[in-house]
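In: Can you look at this prediction? I've put the sequence above it.
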Amino acid sequence: MISVKAPGKLYIAGEYAVVETGFPAIIVALDQFVTVTIQSADQIGSIVSSQYQENSIYWRREEGKMVFDNRDNPFHYILSAIKVTEDYAKTVGKDLGIYHLTVESDLDSKDGRKYGLGSSAAVTVATIKALCEFYALPVDHDKLFKLAAIAHFHVQGNGSLGDIAASVYGGWIAYRSFDRDWLKLAEKSYNFAELLDMDWPGLDIELLTPPKSLKLLVGWTGSPASTSHLVDRVALNKAKRQQAYQDFLNHSQACLKRMIAGFRNQDLHAIQTEIAINRKLLNELDQFTHAHIETPLLTKLCDIAEEFGGIAKTSGAGGGDCGIAIIDSHKKLNQLIEKWAANQIIPLSFNVHHVKE
Ligand SMILES: Nc1ncnc2c1ncn2[C@@H]1O[C@H](COP(=O)(O)OP(=O)(O)OP(=O)(O)O)[C@@H](O)[C@H]1O
Ligand SMILES: C[C@@](O)(CCOP(=O)(O)O)CC(=O)O
């Protein structure tokens, strides 16, 4: 039996701008995982996720293709991950098999509400990792990222794929997305083996080391938000306010460059200064796109963090989900966390997860 896991993530800074090719963001992987297991099966395979028990699907293989008995299923990311990995396996001459694939996830609360930790990315990465083991396909982090990015992009279609990078590389990363229009054309011109070997225009991933005194705190608002809808709303409004949008991109890029330098120089103060600037830039974006990124509860989360000497902002698309605070580990962290909890902000005691190559 093969069993692998992939971590969830949180955005630290650079959201929305990162959707444009080459614009940076900082993202961390967390020690909360999706686990995928694969076991060989005889004739009938299955896909079962404990989060979606009632939607388990059963399949067989006919002339090399997966054929489902149940067409009405929620497993778009898993099926896309399977398709991409098996297409790759075929290009390198592997015979396709039958298996039971099961999923367990820490990335939703006990009552099934998502935290916004990138479960769709983690489920995609874990499925591909498990199948690469099943088919004995050697993949390093770069190849795993590319396979998972293709699979996730085929389903969601409008994201930066930063959540995939965080899940594959782990730890703290600075991420710039590749040109997704290029990928659409490249997929028609190259086979998988070629696509995985080549450089992707715009893509850049740098591993960052935070200063020792930096503590990341995570607060959850309890209300799930749809990232793809919020990204669509920003995209719709950017056409109407081209200059304001271009200013946002340029300012975000400059802010992220200074923040990344703060990591390289181990300068907590510089990082915090830029977190505050990034929050302001996202609020300005909010004003002309009406995406409602910083909800009143997220504002409260930031205000409380500041009372205790931290600097906080929304994480990811906003509109609910989580906020983050960056604070000196010597400050009164417990009091901050208690005040969050007293104000309907649920502290999530998750840590950053580092992935081995
Ligand atoms: N445990 C799971 N089993 C199977 N599919 C899952 C599982 N967890 C997530 N998914 C897939 O991911 C989708 C959720 O993705 P969505 O982008 O809405 O949330 P997210 O990636 O967790 O959050 P965010 O984008 O805010 O970080 C689900 O609808 C499902 O298709
Ligand atoms: C808004 C955006 O920059 C970040 C989305 O983050 P999250 O998945 O909502 O945590 C979109 C993206 O990068 O795909």
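Out: Looks like it came in fine. Only a predicted model underlies this, so the values are computations on that prediction, with no experimental measurement involved. Ligands and ions are numbered 1, 2, ... in the order given.
In: quick one: pLDDT of Gly170?
Out: Note for Gly170: predicted pLDDT of 97.
In: Need phi/psi at it.
Out: phi 70, psi 180 (degrees, to the nearest 10).
In: ok, it - how many residues close by?
Out: Residues near Gly170, counting by other CB atoms under 10 Å, number 23. Where you see a C-beta, it was placed from the backbone N, CA and C, and this is true even at glycine.
In: Does it touch Glu357 like I think?
Out: No: between Gly170 and Glu357 there is no contact under CB atoms under 8 Å: 9.8 Å.
In: can you map out the strands along the stretch 201-350 of the chain?
Out: 204-208, 214-220, 311-314, 322-328, 346-348 (DSSP state E, counting those that start in this stretch).
In: deepest of those, which one?
Out: Of these, the one with the most neighbours on average (mean count of other CB atoms under 10 Å) is strand 311-314, at a mean of 26.
In: what lines up beside it in the sheet?
Out: Applying DSSP bridges, strand 311-314 is found paired with strand 322-328 (antiparallel).
In: what pLDDT does the closest residue to ligand 2 within the chain get?
Out: Going by CB to the nearest ligand atom, ligand 2 is nearest to Gly316 of the chain, at 2.2 Å. Per-residue confidence (pLDDT) for Gly316: 97.
In: Spit out the contact partners of it.
Out: When contacts are counted by CB atoms under 8 Å, 6 or more residues apart in numbering, Gly316 touches 10-11, 15, 116, 227, 322.
In: Pull out whichever of those residues are also neighbours of ligand 1.
Out: Among the contacts of Gly316, the residues lying close to ligand 1 (CB under 6 Å from any ligand atom) are 116, 227.
In: Among the contacts of Gly316, the buried ones, what's the PyMOL command?
Out: Command for PyMOL, covering only those of the contacts of Gly316 found buried under the criterion 16 or more other CB atoms under 10 Å:
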select buried, resi 10+11+15+116+227+322
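In: and the chain, what are its domains?
Out: Structural domains annotated on the chain: 2-207, 213-348, as defined by automatic domain parsing.
In: if you average pLDDT over each of those domains, which comes out lowest?
Out: Among the domains of the chain, domain 2-207 carries the lowest mean pLDDT (a mean of 92).
In: does any part of that domain sit near ligand 2?
Out: Yes: residues of domain 2-207 contacting ligand 2 under CB under 6 Å from any ligand atom: 11, 15-16, 18-19, 116, 118, 159-160, 162-163.
In: Thanks a lot, catch you later.
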